[in-house]
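J.: sharing a model that was predicted from the sequence below.
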Amino acid sequence: MPIPVKIIVSGGFGVGKTTAVAAVTEIPVLSTEAAITEVSAEYRRSTTGGGTSEAEAKPGGIREAKTQTTVALDFGRITFDREVRAYLFGTPGQDRFGFMWRDLIEGAYGALVMVDTRRLDECYPAVDYFERTGLPFVVAINRFDGRVDHDIADVRWALAIGHRVPVVTFDARVRRSVRDALVVLLRHASDDRIPRFAEDAGRQTRGTGRGALAEVTVAQTPDAG
């Protein structure tokens, strides 16, 4: 039986969390999206200078206005190498739903923090939250319109995260790209936890195997498209 792990997909409003979960899941995605209220839309326009960040990238560079927002969670599942089965929980992006985060991350193995480099400040709360809770996380820069506006080193500096935290780029619309980012997270979370397990058990891990979670490879992951 595959090892079940809970993965959090987080980040700011409109960064592509729902798109990423829907792109990679092997089961019908559970989404709790609702229409954005005019009050919320007006607030977003006033804080983003006209609503550019409200648009969501489509293949070919076409952009459409974002009219839906996640109000509870997104849920999907992906199996890696028949050994690891990741259950994906996407967090709501609006601040008013932040009270749900504590319940959503309970029992989580790690978090994928999605970033839009045009609005880096909107991912600060997620980065700060997972640093405080000690949950291993990876920063994943979503390539809106197929490009990244800043170098990874600049993003790392802006977020004030150490070199121990992986930073990757990916396309939330493409299954293989999302899957590859999740593989990086699984490996990072495994590497982060093994020393803790060893310390708790009073034993050394130098030279020991990394285990099924750390051995997941991109090539061995089933690809449905």
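T.: Alright, I've got the coordinates.
J.: ok, which stretches of the protein are helices?
T.: Along the chain, counting by DSSP state H, helices occupy 17-24, 38-48, 101-105, 124-133, 152-159, 175-201, 211-214.
J.: comparing the ones you listed by mean pLDDT, which bottoms out?
T.: Ranked on mean pLDDT, the bottom entry among the helices of the chain is helix 38-48, at a mean of 45.
J.: dump the residue contacts of the nearest residue to residue 11 once chain neighbours are set aside.
T.: Leaving aside its sequence neighbours, residue 11 sits nearest to residue 114 (CB to CB, 6 or more residues apart in numbering; 3.4 Å). Placement of C-beta: from N, CA and C, glycine included. Contact analysis of residue 114 by CB atoms under 8 Å, 6 or more residues apart in numbering lists 9-12, 15-17, 20, 123, 140-142, 172.
J.: try 10 Å
T.: 9-12, 15-17, 19-20, 90-91, 93, 123, 126, 138-142, 170, 172, 178, 181 (CB atoms under 10 Å, 6 or more residues apart in numbering).
J.: now swap in residue 24 and tell me
T.: So residue 24 contacts 9, 76-78, 86, 88, 172, 174-182, 224-225 (CB under 10 Å, 6+ apart).
J.: roughly how far does the closest residue to it other than its chain neighbours sit from residue 128?
T.: Nearest residue to residue 24, sequence neighbours excluded (CB to CB, 6+ apart): residue 178, at 4.1 Å. Separation of residue 178 from residue 128 (CB to CB, to the nearest Å): 24 Å.
J.: same thing with residue 4?
T.: In terms of CB to CB, residue 4 sits 28 Å off from residue 128.
J.: just the buried positions in stretch 125-145, please.
T.: 126-127, 129-130, 135-144 (16 or more other CB atoms under 10 Å).
J.: number of nearby residues for the residue nearest to residue 24?
T.: Using other CB atoms under 10 Å, residue 178 has 29 other residues around it.
J.: before we move on, what about residue 5?
T.: 20.
J.: for it, what are its contacts?
T.: Applying CB under 10 Å, 6+ apart, the residues near residue 5 are 80, 84-88, 107-110, 185-186, 189-190, 213.
J.: circling back: if the residue nearest to residue 11 is in a bridge, with which residues?
T.: Counting by DSSP bridges, residue 114 is bridged to residue 11, residue 140.
J.: per-residue confidence at it?
T.: Per-residue pLDDT puts residue 114 at 96.
J.: and residue 108, by the same measure?
T.: pLDDT for residue 108: 95.
J.: my read is that it contacts residue 129, right?
T.: No - counting by CB atoms under 10 Å, residue 108 stays clear of residue 129, with 11.8 Å between them.
J.: now do the shared contacts for the two.
T.: 135, 137.
J.: can you pull the contacts of residue 23?
T.: So residue 23 contacts 16, 29, 76, 171-179, 225 (CB under 10 Å, 6+ apart).
J.: can you count the residues close to the nearest residue to residue 156 once chain neighbours are set aside?
T.: Leaving aside its sequence neighbours, residue 156 sits nearest to residue 167 (CB to CB, 6+ apart; 5.4 Å). When counting by other CB under 10 Å, one arrives at 18 neighbours for residue 167.
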